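Colleague: sequence and predicted structure are below.
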Amino acid sequence: MTFWIIVALMMGLGIAVLAFVLLRKRPDITSNQREQNLLLAKEKLVELDQEKAAGNLDEETYAQAKEELETGLLEDTSAEDTVARVQPASARAAAVAVALLVPVLSLGLYMNLGSPKYVEMSGTPGAQSPHAMNAGGKTPTMAELLIALEERVQQAPDDPEGWFMLGRVYQSMNRYADAVKAYEKLAELTDNHPQALIALADSLAMVQGGKLSGRPYELVRQALDQAPDDSTALWLAGQGAMEAADYQNAIYYWRQAEAGLADKPDYVQELRNLIRQAKQVAANAGVELDDPGSSLAEPSAQPAGITLSVSLTPELQDKVNPGDRLFIFAKQVQGSPMPVAAVRITAGDLPARLTLDDSS
């Protein structure tokens, strides 16, 4: 009798343990997964907004990509809710099965197997959730993104957005020849949209070692015929003209680009450096420029600069000669150590009031 009481207690304990494991409240994995999906969706939406703001996506393509993103997020959320509903039901069914089978099987197997086989609990619902969390919570690598995009354009060869994104990925991986093929297809599908022509010209130039001469320059000018204010096209056109020793037009294009990038001071400064270099090259080649950019360079009509007074301290006045040359220069607080402006004077010119700007 005592034995059967012990057996009954052991069976009850085994059932209680298994029931607790199967029916306990599980971590809300779907909630975590949903939050991760929402975070990824927000990041992708920010990328789309940036591409649109940069002029790389037109309104129609942007709206289509945003709709696909929202649809995918809705499908993921629905799938997670389905899993969340199925798992508790499966757990309850397993608990009932344990309650019925353990008393029957344990009588015959107890002496051979001892306590219940906890190894079987690894097959209960939710056991694979850590793997699912890792798979769903990681941002795709560039290689994975490339595979997905290549499959996408194979399945939807008439999708301009797919070809545009594929070309961008190829460019980021320095696969410029493949990027050219992608942008050729994009230009075909979009009836030579300016952005497609610019992207194609840029990739072709990289295939040519960074040179815009030839077809890339022709594509850029073709894009400018449709979008004369496009800053990227104007920038590239200036480079193409510079390579062709057409210094007048190089400066003309860069002045136009400068006006369109007035809200981006870093780009404006780089353009001004290019313009200054073009003037110097033209001067060295004996080419006279006809007041380049005078009507298009409003932002630089009053060049940024700094005015300062320079004098020698009494301790130095007896240690220098009037003919000694002095260099006064300005550098960026952070950035390149190269001077951005410089003036040469002699000690005899001091004290002096000087202005350092783009003309220096």
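Modeller: Perfect, I can see it now.

Colleague: what is the least confident helix or strand in the protein?
Modeller: Ranking every helix and strand in the chain by mean pLDDT, DSSP states H and E puts helix 129-137 at the bottom, with a mean of 38.

Colleague: got the phi/psi numbers for Ser309?
Modeller: Per-residue torsions, Ser309: phi -110, psi 130 (degrees, to the nearest 10).

Colleague: quick check, it in contact with Leu350.
Modeller: No - contact criterion CB atoms under 8 Å: Ser309 and Leu350 do not qualify, at 9.7 Å. The C-beta positions use only the backbone N, C-alpha and C, and glycine is treated the same way.

Colleague: neighbour count for the two, which is higher?
Modeller: A side-by-side neighbour count of Ser309 and Leu350, using other CB atoms under 10 Å, places Leu350 first with 16 against 9.

Colleague: and Ala257, that's in a helix?
Modeller: Yes - counting by DSSP: H, G, I helix; E, B strand; the rest coil, Ala257 is part of a helix.

Colleague: pLDDT wise, what is the closest residue to it other than its chain neighbours at?
Modeller: The spatial neighbour of Ala257 that comes closest, neighbours along the chain excluded (CB to CB, 6 or more residues apart in numbering), is Leu234 at 3.7 Å. Listed pLDDT for Leu234 reads 94.

Colleague: same thing with the one 10 residues further on?
Modeller: According to the model's per-residue confidence, Ala244 sits at a pLDDT of 92.

Colleague: what's the distance between it and Ala199?
Modeller: From Ala244 across to Ala199, the span is 22 Å (CB to CB, to the nearest Å).

Colleague: thinking again about what came up before, can I get the next helix or strand after the least confident helix or strand of the chain in PDB, CA atoms only?
Modeller: Note on helix 129-137: by DSSP states H and E, the next helix or strand toward the C-terminus is helix 142-155. The C-alpha atoms that make up helix 142-155 are tabulated as PDB, following Å, rounded to 0.1, in the frame of the first residue of the first chain:
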ATOM      1  CA  MET A 142      25.300  43.700 -47.800                       C
ATOM      2  CA  ALA A 143      25.700  40.200 -49.300                       C
ATOM      3  CA  GLU A 144      22.200  39.100 -48.200                       C
ATOM      4  CA  LEU A 145      20.800  42.400 -49.500                       C
ATOM      5  CA  LEU A 146      22.500  41.900 -52.800                       C
ATOM      6  CA  ILE A 147      21.100  38.300 -53.200                       C
ATOM      7  CA  ALA A 148      17.600  39.600 -52.300                       C
ATOM      8  CA  LEU A 149      17.800  42.400 -54.900                       C
ATOM      9  CA  GLU A 150      19.100  40.100 -57.600                       C
ATOM     10  CA  GLU A 151      16.200  37.800 -57.000                       C
ATOM     11  CA  ARG A 152      13.800  40.700 -56.900                       C
ATOM     12  CA  VAL A 153      14.800  42.000 -60.400                       C
ATOM     13  CA  GLN A 154      14.700  38.500 -61.800                       C
ATOM     14  CA  GLN A 155      11.100  38.100 -60.500                       C
END
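
Colleague: name the residues that touch helix 142-155?
Modeller: Pro140, Asp159, Gly162, Trp163, Met165, Leu166, Val169, Tyr170, Ser172, Met173, Ala182, Lys185 (CB atoms under 8 Å, 6 or more residues apart in numbering).

Colleague: let's see that with 7 Å instead.
Modeller: For helix 142-155, the external contacting residues (CB atoms under 7 Å, 6 or more residues apart in numbering) are Asp159, Gly162, Trp163, Met165, Leu166, Val169, Ser172, Met173.

Colleague: measure the residue nearest to Tyr267 when sequence neighbours are not counted to Leu224 for me?
Modeller: Nearest residue to Tyr267, sequence neighbours excluded (CB to CB, 6+ apart): Leu261, at 4.5 Å. For Leu261, the distance to Leu224 (CB to CB) stands at 16 Å.

Colleague: one more: Tyr176?
Modeller: Tyr176 is 22 Å from Leu224, by CB to CB.

Colleague: just Asp159 next, same as before
Modeller: Per CB to CB, Asp159 is found 27 Å from Leu224.

Colleague: with Ala182 instead?
Modeller: According to CB to CB, Ala182 and Leu224 sit 22 Å apart.

Colleague: those two - which one has more neighbours?
Modeller: Per other CB under 10 Å, whichever of Ala182 and Leu224 has more neighbours is Ala182, with 26 against 20.

Colleague: now do the contacts for the more buried one.
Modeller: Each residue near Ala182 by CB under 7 Å, 6+ apart is listed here: Trp163, Leu166, Gly167, Tyr170.

Colleague: secondary structure element for the first one?
Modeller: When elements are defined using DSSP H and E, Trp163 is found to belong to helix 160-172.

Colleague: and the helix or strand following that helix, what's buried?
Modeller: Per DSSP H and E, helix 160-172 leads on to helix 176-189 as the next helix or strand towards the C-terminus. If you call a residue buried by 16 or more other CB atoms under 10 Å, then helix 176-189 has these buried ones: Tyr176, Asp178, Ala179, Val180, Lys181, Ala182, Tyr183, Glu184, Lys185, Leu186, Ala187, Leu189.
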